[in-house]
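>>> no sequence on hand, only this structure:
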């Protein structure tokens, strides 16, 4: 039985947006901490529930990708959440 990640992740710290479909007023600015072709870890102020569907996009609006929340761990001292995402099979959608 395999444990751990399927592939390595690239460490980074870039700003992005996290949207929660069905909640049009909720678009949160987040920081992508690491990313791979299969998923990412983002840091946000608001928590998510495991299995929530979300959309992550860059701040310029050039790409967006559907993802599912795999985990969400809250750091009460920092007031932030680390959210693990698994990308949908289709990969990112590049806009204009």
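Thanks, I have the structure now. Quick caveat: nothing in here was measured; it's all calculated off a predicted structure.

>>> for the protein, longest strand please?
Using DSSP state E, we find that the single longest strand of the chain is strand 63-75.

>>> got the buried residues for it?
Neighbour-count burial for strand 63-75 flags 64, 65, 66, 67, 68, 69, 72 (criterion: 16 or more other CB atoms under 10 Å). Bear in mind the C-beta positions are built from the backbone N, C-alpha and C, glycine included.

>>> for the fifth one, give me its contacts.
Neighbouring residues of residue 68 by CB atoms under 8 Å, 6 or more residues apart in numbering: 51, 52, 53, 54, 85, 86, 88.

>>> you'd agree the first one is up against residue 69?
Read that as residue 51. Yes. Contact criterion CB atoms under 8 Å: residue 51 and residue 69 qualify, at 6.3 Å.

>>> need the distance between the two termini of stretch 70-81.
Using CA to CA, to the nearest Å, one end of stretch 70-81 lies 13 Å from the other.

>>> avg pLDDT for it?
In this model, stretch 70-81 has a mean pLDDT of 88.

>>> now the residue lying closest to residue 73 once chain neighbours are set aside: which helix or strand?
Leaving aside its sequence neighbours, residue 73 sits nearest to residue 82 (CB to CB, 6 or more residues apart in numbering; 5.0 Å). Assigned by DSSP states H and E, residue 82 belongs to strand 80-87.

>>> no more questions from me, cheers.
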